[in-house]
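Enquirer: Give me the fold of what follows.
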Amino acid sequence: MRRVKAFLFVLWLICIFATVGIHQQAMAANIVMNGDFTGGYYTSTIDSNTNTLVPNDWMPNPAFDLYAGYNRIDMGSIPGITGDTVSIGDTDSEPAASISQVLTTVAGATYTVSFELYNSGLSDPGAFFNASIVGTTSGIQINGDPSSYETQYETFSFTGTGSDILAFTANTTPGEWYIGDVVVSEQSTVPEPSALLLLGFGLGGVGFLNRRIRNLKWPRW
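Expert: Take a look at the predicted model:
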């Protein structure tokens, strides 16, 4: 009887591990590095222009370094956004500032991009903000400043190619755009066959042993 109980316990452990595995597969990880911009910053110099507050793991374009006072890490001062943000946006007459990151993706898989967006300027018809996967039509485009100060939640999807570039580009006069809580995750809710097989084996074994135990004829004392 002890052996039966021990084996039953092992089968229950198999079911638990399989369930955890399925749950982890359904919870896709964020593949963006330093997406909340709390992971530090570095100094970048492009075309003799230096910016000392470029977020780690992100690549600036020359216009981002052109005006370091506009384009920089902003530490926790934007309402409605957890963590730090990146301020981005030269004046309308200047080249558009941009930061980007190369994402390692799975070719053919579908990904969702989400982030928080805030604009500190108002009533500028020439302002714009763009978030996109470089070289594709996937992304969002906002033209003109919003009519009120508020944090917006933005999202779009794209199909991975194996290596994709996520870019944020903006201009506005006056004020800046602020980006925070950037998340890119694979849309995956179908568990791998190995996890399902393991769960099926565990449940089947538990059911079989339960029937055997119920059918046992115990001696009367």
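Enquirer: What helix or strand is residue 185 located in?
Expert: strand 177-186 (DSSP states H and E).
Enquirer: For that strand, list every residue counted as buried.
Expert: Going by neighbour count (16 or more other CB atoms under 10 Å), the buried part of strand 177-186 is 177-184, 186. No exception for glycine: its C-beta is placed from N, CA and C like everyone else's.
Enquirer: Quick one: residues in contact with it.
Expert: 28-32, 35-37, 74, 78, 81-89, 103, 105-106, 109-120, 129, 160, 166, 168, 170 (CB atoms under 8 Å, 6 or more residues apart in numbering).
Enquirer: Try it again at 6 Å.
Expert: Strand 177-186 has contacts (CB atoms under 6 Å, 6 or more residues apart in numbering) with 28, 30-32, 35-36, 78, 81-82, 85-89, 109, 111-116, 118-119, 129, 168, 170.
Enquirer: for stretch 118-130, same thing?
Expert: 78, 92, 141-146, 151, 169-170, 172-178.
Enquirer: Just the buried positions in that stretch, please.
Expert: Buried residues in stretch 118-130 (16+ other CB under 10 Å): 118-121, 124, 127-130.
Enquirer: try stretch 68-76
Expert: Buried, per 16+ other CB under 10 Å, within stretch 68-76: 68, 70-74.
Enquirer: Distance-wise, check the residue positioned nearest the centre of the chain relative to residue 115.
Expert: With distances taken as CA atoms, centre = their mean, residue 183 lies nearest the centre of the chain, 1.9 Å away. The spacing between residue 183 and residue 115, counted by CB to CB, to the nearest Å, is 7 Å.
Enquirer: Got the confidence number for residue 9?
Expert: For residue 9, the model assigns a pLDDT of 58.
Enquirer: do the same with residue 58
Expert: Looking at residue 58, the pLDDT reads 98.
Enquirer: burial count for it?
Expert: Residue 58 has 26 neighbours, counted by other CB atoms under 10 Å.
Enquirer: contacting residues around it?
Expert: 99, 101 are the contacts of residue 58 under CB under 6 Å, 6+ apart.
Enquirer: rerun at 8 Å
Expert: Counting by CB under 8 Å, 6+ apart, residue 58 touches 34, 86, 99-101.
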